[in-house]
Each structure stands twice: as structure tokens, then as C-alpha cells.
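J.: Below: sequence and its predicted model.
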Amino acid sequence: MPSASAALERLVDGNRRFAADAPSRAMLTDSARRSALAAGQAPFATILGCSDSRVPVELVFDQGLGDLFVIRVAGNISAPALIGSVEFAAEAFGTRLVVVLGHQRCGAVTATLEALQRPPAAQSPHLGSIVDLIRPAVAPLLEQTDWPTGQEALLAAAVRANIRMAVEQLRHGSPLVQQLITEAGLRVVGAEYSLETGLVEFLDDLS
């Protein structure tokens with residue numbers, strides 16, 4: 001299993017290929033690959049990403065079958081079951097890199113901002129549970145009044161705040177993850193996908 005640094009480099013290289021319209025994944029999704037994976041898997045990284053249809057994780061990083069353990073949920077939130085999925089990948093497969101992947105103009109973050117500014121008369125409790133998990137990240141931003149371009153700048157800041165909150169929750173909300181960070185070289189990093197360019201910007205120091 002590659003180290004966190006090696007896995008991160010592989011993701012960065014794959015994303016560059018994707019953004020440059022030069023993917024190589026065809027050789028990683030053929031029948032031989034399917035047969036090789038039938039007996040088991042060994043993904044080299046775990047991605048907690050948003051369910052948005054415009055951000056298909058394997059395509060964004062130009063990876064194929066069996067390469068990534070992908071957890072997708074609206075708003076890339078780190079609810080207990082999702083943290084458990086990260087723990088599972090780290091324990092079962094030995095993955096040493098976890099990426100929280102958000103993206104520009106996230107609909108779940110937008111819905112949270114709207115709910116905070118104009119509370120809905122009625123909301124599904126299930127949708128409300130997503131808003132409630134994003135709320136702590138974005139509520140402090142509404143106290144600021146100096147957003148240069150209004151709601152667009154506010155949303156951009158909220159998306160990043162939500163990514164960073166999920167990263168911190170993964171780093172410090174699981175004793176197992178904390179132990180693996182301290183003793184086994186696990187890394188949890190945040191990243192944001194650009195809908196326009198296709199590039200992923202990592203928000204943490206990658207050195």
C-alpha cells in the first residue's frame with residue numbers, strides 16, 4: 001500500500017491528466033482488471049466527496065476500478081456512518097490517505113446558507129439533518145458584512161469552511177483515525193474541485 005504522500009502524488013497526477021483531456025483510465029477498466037479485482041480490492045486512497053453528478057470522483061482523478069474507496073454524500077459531510085466508512089477503509093485495506101473533496105457552488109452548502117438567512121416554512125427532517133451538519137461551518141460567515149461580491153463570495157467561503165470542518169471532524173472525531181494519524185502515517189486533507197477547469201485544489205500543505 002503506498003504512503004500518504006505517494007497516494008497524494010498519484011491523485012494530483014491523475015487530476016492533471018483529467019483536466020488536460022488526456023485520461024489514461026481506459027487501461028484500468030477492462031475485463032482483465034475486473035477479473036483481477038474479483039477476489040479482493042486494495043484501493044490506494046479514500047475519498048469523502050459530494051454526491052453532485054458533476055464531480056464523479058474516479059473520473060476527476062483519472063483512476064479506474066479498484067483504485068479508490070469512494071464515499072459520496074450531499075455536502076461531503078462527516079456524519080457518524082461516513083466516519084465509520086473511513087475507518088473501515090483504513091483498517092480493512094490499509095489506505096493511508098483520506099481526501100475530503102468539496103466543489104464550487106455546492107448545492108448542499110447553498111441550501112444551508114439559504115436556510116440560515118431565510119428559514120423555510122417546512123423542510124424534510126432528512127434534508128434538515130444535512131443542513132444541521134453543515135450549519136456550524138457556515139453560520140459564523142454570516143456575521144461578516146464585508147463580502148466584496150455578495151452571495152457568490154459568501155458561498156465560495158462557505159464551501160471551503162465546510163470542507164475544512166469535515167477534515168477536522170475526521171482528524172479528531174475518531175479515536176481510530178487519530179491513532180492511525182499518530183502511529184501509521186495516515187493523512188486527512190481537504191480539496192476543492194473547480195467545475196470550470198476540472199482541477200482539484202488541495203487546501204492543505206502537501207509537503
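T.: That came in fine, so what should we check first?

J.: Ala19 against Leu199, yeah?
T.: Yes. Ala19 lies in contact with Leu199 (C-beta atoms under 8 Å); the separation is 4.8 Å. (Glycine included, C-beta is placed from N, CA and C.)

J.: Keeping just the C-alphas, turn stretch 143-159 into PDB.
T.: Extracted C-alpha coordinates of stretch 143-159, given in PDB (Å, rounded to 0.1, in the frame of the first residue of the first chain):
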ATOM      1  CA  GLU A 143     -21.700  37.500  10.900                       C
ATOM      2  CA  GLN A 144     -19.300  39.100   8.400                       C
ATOM      3  CA  THR A 145     -20.600  42.000   6.300                       C
ATOM      4  CA  ASP A 146     -17.700  42.800   4.100                       C
ATOM      5  CA  TRP A 147     -18.200  40.200   1.300                       C
ATOM      6  CA  PRO A 148     -17.000  42.000  -1.800                       C
ATOM      7  CA  THR A 149     -19.300  40.400  -4.300                       C
ATOM      8  CA  GLY A 150     -22.200  39.400  -2.200                       C
ATOM      9  CA  GLN A 151     -23.600  35.900  -2.200                       C
ATOM     10  CA  GLU A 152     -21.100  34.500  -4.600                       C
ATOM     11  CA  ALA A 153     -18.100  35.300  -2.400                       C
ATOM     12  CA  LEU A 154     -20.000  34.100   0.700                       C
ATOM     13  CA  LEU A 155     -20.800  30.700  -1.000                       C
ATOM     14  CA  ALA A 156     -17.200  30.300  -2.000                       C
ATOM     15  CA  ALA A 157     -16.000  30.900   1.500                       C
ATOM     16  CA  ALA A 158     -18.700  28.600   2.900                       C
ATOM     17  CA  VAL A 159     -17.800  25.700   0.600                       C
END
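
J.: in it, what counts as buried?
T.: By neighbour count with 16 or more other C-beta atoms under 10 Å, stretch 143-159 contains the buried residues Leu154, Leu155, Ala156, Ala158, Val159.

J.: Contacts only, for the second one.
T.: Pointing back at Leu155 there. Neighbour list for Leu155: Arg105, Cys106, Val109, Thr110, Leu113 [criterion: C-beta atoms under 8 Å, 6 or more residues apart in numbering].

J.: pretty sure the second one is touching Gly75, no?
T.: Put plainly, it is Cys106. Yes. Proximity of Cys106 to Gly75 meets the contact threshold set by C-beta under 8 Å, at 6.3 Å.

J.: Between those two, which contacts overlap?
T.: Each of Cys50, Asn162 lies in contact with both Cys106 and Gly75 under the rule C-beta under 8 Å, 6+ apart.

J.: where does the protein dip in pLDDT?
T.: 25-29, 120-123, 145, 147-150, 205-207 (pLDDT under 70).

J.: hmm, 80 instead?
T.: 25-31, 33, 37, 40, 118-125, 127-128, 144-150, 205-207 (pLDDT under 80).

J.: circling back to that earlier point, out of the contacts of Leu155, who has the most neighbours?
T.: Of all the contacts of Leu155, Val109 has the most neighbours under the rule other C-beta atoms under 10 Å, reaching 30 neighbours.
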